[in-house]
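Undergrad: Okay, sequence plus prediction incoming.
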Amino acid sequence: MNKEILNIANIEKYYGNKGNITKAINNISFNVNEGEFVGVMGASGSGKTTLLNCISTIDKVTSGHIYISENDITKLSKKRIAEFRRKELGFIFQDFNLLDTLTCYENIALALTISRVNHNEINTRVMDVAEKLNITEILRKYPYEISGGQKQRVASARAIITKPSLILADEPTGALDSKSAKMLLDSLENLNNKMNATIMMVTHDAFTASYAKRILFIKDGKIFNELIRGNDSRKEFFSKIIEVVTLLGGDQRDVF
């Protein structure tokens with residue numbers, strides 16, 4: 001049985017003061033095991049981004065606990081949080097967050113360089129992940145010399161290079177055209193299948209979500225529904241996602 005990587009235990013997140021309190025997260029509990037690819041969907045304002053921010057240590061919960069690899073991150077000091085984030089979490093952002101003054105190779109290797117990993121090991125690990133993501137030929141180029149889809153795959157390589165417990169992807173296809181988005185999603189699927197990467201991805205987009213193996217739907221700060229892909233084809237899973245999105249109601253343009 002795969003070990004538990006993420007355990008969300010009765011977390012709540014409030015904003016505002018006594019006169020005007022907004023419950024962004026309302027008593028959510030779930031867990032994610034090693035090697036899972038979990039999608040989180042919901043309309044704007046549903047709480048999904050707040051949830052991701054709390055898991056990523058960017059924001060703090062009002063109550064409840066978040067365990068990542070058995071570490072209760074709700075109890076870590078600021079110093080320990082910075083160290084924990086660097087070692088245990090990988091991030092894939094909508095806007096890539098690559099450094100234009102560094103080559104793609106250097107962007108991917110940066111976290112290892114900061115941690116003073118041996119040069120030969122850095123090279124081996126960068127070349128290995130670059131091959132899996134099909135970006136070997138662009139490693140010596142700078143981010144401004146490559147396409148959006150290639151940038152996002154470089155960002156994915158950077159996220160996985162430290163062998164984190166959990167990769168968090170925030171609307172990873174949001175800034176990409178459909179062809180680049182599909183290439184990135186194929187890459188994420190590769191990381192999940194070939195490297196057993198544990199991925200949690202927040203998305204508005206049903207096509208993007210169909211690449212996940214399990215989806216949590218958030219509505220009004222609570223888990224509204226859960227879908228498990230099982231043996232479904234991606235097309236069959238996509239159809240089921242659309243059905244739940246329709247049930248969620250509201251403005252569908254907010255969900256896709």
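TA: In hand now; what should we look at? Only a predicted model underlies this, so the values are computations on that prediction, with no experimental measurement involved.
Undergrad: Where do the helices of the stretch 1-150 of the chain begin and end?
TA: 48-55, 78-88, 104-114, 119-132, 148-160 (DSSP state H, counting those that start in this stretch).
Undergrad: Let's have those helices in JSON lines, adding mean pLDDT and distance to residue 172.
TA: C-beta: built from backbone N, CA, C; applies to glycine. Below are the helices of the stretch 1-150 of the chain laid out as JSON lines (pLDDT from 0 to 100; distance: least, CB to CB, whole Å):
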{"stretch": "helix 48-55", "mean pLDDT": "92", "distance to residue 172": "12"}
{"stretch": "helix 78-88", "mean pLDDT": "88", "distance to residue 172": "18"}
{"stretch": "helix 104-114", "mean pLDDT": "92", "distance to residue 172": "16"}
{"stretch": "helix 119-132", "mean pLDDT": "93", "distance to residue 172": "16"}
{"stretch": "helix 148-160", "mean pLDDT": "90", "distance to residue 172": "6"}
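Undergrad: Burial-wise, tell me which of these comes out on top.
TA: helix 148-160 (a mean of 25; mean count of other CB atoms under 10 Å).
Undergrad: Can you name the residues that contact residue 38?
TA: 32, 199-201, 212-216 (CB atoms under 8 Å, 6 or more residues apart in numbering).
Undergrad: how close does it sit to residue 68?
TA: 14 Å (CB to CB, to the nearest Å).
Undergrad: For the contacts of residue 38, name the two members farthest from one another.
TA: 199 and 216 (13.2 Å; CB to CB).
Undergrad: higher neighbour count, these two?
TA: Neighbours were counted for residue 199 and for residue 216 using other CB atoms under 10 Å; residue 199 has more, 27 against 23.
Undergrad: wouldn't that one be in contact with residue 167 here?
TA: Yes - counting by CB atoms under 8 Å, residue 199 sits close enough to residue 167 to count as a contact (4.7 Å).
Undergrad: between these two, what contacts are shared?
TA: Contacts common to residue 199 and residue 167, judged by CB under 8 Å, 6+ apart, are residue 191.
Undergrad: hmm, back to that, for the contacts of residue 38, which one is nearest residue 240?
TA: residue 215 (8.9 Å).
Undergrad: Please name every helix or strand in contact with the helix or strand that the closest one is a member of.
TA: Per DSSP states H and E: residue 215 is located in strand 214-219. Applying 3 or more CB pairs under 8 Å, 6 or more residues apart in numbering; DSSP states H and E, we find strand 214-219 packed against strand 37-41, strand 222-228, helix 234-248.
Undergrad: Export only the CA atoms of that strand, formatted as PDB.
TA: In PDB, the C-alpha atoms belonging to strand 214-219 read as follows (Å, rounded to 0.1, in the frame of the first residue of the first chain):
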ATOM      1  CA  ARG A 214      -9.000  11.700  -8.900                       C
ATOM      2  CA  ILE A 215     -10.800  15.000  -8.700                       C
ATOM      3  CA  LEU A 216     -12.100  16.900  -5.700                       C
ATOM      4  CA  PHE A 217     -14.800  19.400  -6.400                       C
ATOM      5  CA  ILE A 218     -14.900  22.400  -4.000                       C
ATOM      6  CA  LYS A 219     -18.100  24.500  -3.500                       C
END
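Undergrad: Good, we can wrap up now.
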